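> What shape does this take:
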Amino acid sequence: MNFRHQARQAIARAKAILEGDSVAPEHLRYAALDVRMAMEALTYERAHSYRKELPESAYETWQPRKLMQVLLDIDPNADRDSSLRIGREQTYGVPATEMQDLGHETVLNMGKLKEHYNALGSYLHMPTLKQLQADGDMSLGKLRTRVDEIIAYVDAVLSSPIFTINFGTFSTAPCSRCGKGFRWRIPRDKDRLHAVCRECDAPYELIVTEDRQVRWEPKQHPIKCAHPECGEISFLWEDQFEIGSIWICGACVGHNQIVRMNRPINEDGTPWQPDPSPPSERTRT
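Reported below is the predicted structural model:
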């Protein structure tokens, strides 16, 4: 879907409604609905450029603020304006001395979403009893001012000569649990990252070495099979360590269940051991 086209259409409808000096209250609410739809479309467009990194749950998220937060968790620069320049290097690895500007992108950012999106929504429903008692009705004059402000901002976003800029450094590896390959964004300012497989949610720790190579370490922990005749050491994924979860030993094929245990300890925290001396020789305390 062409989200940018949808946003342009929504803004065009809003502008048509607002033509003239006097706008009926019910028509003004239609304009508010259209500018909200434009904000949604632009956020979805931004998210689409991160589609290879989005968790499956994000595709069910329609609220722009929640979806933008997912993008910011992936890339802290996801909602920042940017400029793009290009130039020919005279020497490989040395930045070009002459650069050509390709354009500047204005992005619908989290700050604008927080400022306007929910505020518009309050005009699209009946006022609450508290609002009716305090004001008698919602101020449509304030709504007109807000809608005009958003239209001006969205126009700047839509007029950007370049859009959905999304550069990054990535590391790719097959998942040890499900076998599906996936990639993870590697920020320049971090040397340890938490990654999760998009298919099966297997957790990993990514370690960036000094030469900028990435080592993928599955988050697994050793656990001993509880069957007395076995005792095999297996490795369970971190997300499998939950009270009540069941796992099968690869050696004896015995079923094990993780449970919470209560055990006695000494005052210093060391494990308590029963007194091996006969009861008659124990000191009473």
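
> Spell out for me which residue occupies the centre of this structure.
Nearest to the mean C-alpha position of the chain, by C-alpha atoms, centre = their mean, lies Val70 at 2.1 Å.

> Run through the stretch 1-150 of the chain and note the low-pLDDT ranges.
Along the stretch 1-150 of the chain, the parts satisfying pLDDT under 70 run over 131-139.

> check contacts around Pro161.
Neighbour list for Pro161: 102-104 [criterion: C-beta atoms under 8 Å, 6 or more residues apart in numbering]. Heads up, the C-betas are built off the backbone N, CA and C, glycines and all.

> Touching, Glu238 and Glu205? I think so.
No - counting by C-beta atoms under 8 Å, Glu238 sits too far from Glu205 to count as a contact (9.5 Å).

> list the residues that contact both of the two?
Joint contacts of Glu238 and Glu205 (C-beta under 8 Å, 6+ apart) are Lys219.

> Look at Phe76 and tell me its secondary structure.
Not Phe; residue 76 is Pro. Using DSSP: H, G, I helix; E, B strand; the rest coil, the structure places Pro76 in coil.

> Over to Trp247?
Under three-state DSSP, the three-state class of Trp247 is strand.

> hey, what's it bridged with?
Following DSSP bridges, Trp247 is listed with bridge partners Asn256.

> For burial, what's the neighbour tally of it?
Here the number of neighbours of Trp247 (other C-beta atoms under 10 Å) works out to 17.

> re earlier: which residues are in contact with the closest residue in space to the residue nearest to the centre of the chain that isn't next to it in sequence?
Spatial nearest neighbour of Val70, excluding adjacent residues (C-beta to C-beta, 6 or more residues apart in numbering): Ala58 at 4.8 Å. For Ala58, the contact set (C-beta under 8 Å, 6+ apart) comprises 47, 67, 70.

> Going by distance to Ala119, which of the residues you listed wins?
Leu67 (18.0 Å; C-beta to C-beta).

> where's that closest one, which helix or strand?
Applying DSSP states H and E as the criterion places Leu67 in helix 64-74.

> sorry, back to before: you'd agree the residue nearest to the centre of the chain is up against Leu54?
Yes - in this structure, Val70 is within contact of Leu54 by C-beta under 8 Å, at 6.8 Å.

> Give me the common contacts of the two.
Counting by C-beta under 8 Å, 6+ apart, the residues touching both Val70 and Leu54 are Ala47.

> so what's Cys197 up against?
By C-beta under 8 Å, 6+ apart, the residues touching Cys197 are 175, 177-178, 180, 182, 204.

> I'd like these as JSON lines, with distance to Gly254, secondary structure and neighbour count appended.
Shown next, in JSON lines, are those (distance: C-beta to C-beta, whole Å; DSSP: H, G, I helix; E, B strand; the rest coil; neighbours: other C-beta atoms under 10 Å):
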{"residue": "Cys175", "distance to Gly254": "26", "secondary structure": "coil", "neighbour count": "20"}
{"residue": "Arg177", "distance to Gly254": "21", "secondary structure": "coil", "neighbour count": "18"}
{"residue": "Cys178", "distance to Gly254": "24", "secondary structure": "coil", "neighbour count": "14"}
{"residue": "Lys180", "distance to Gly254": "29", "secondary structure": "coil", "neighbour count": "12"}
{"residue": "Phe182", "distance to Gly254": "32", "secondary structure": "strand", "neighbour count": "21"}
{"residue": "Tyr204", "distance to Gly254": "28", "secondary structure": "strand", "neighbour count": "24"}
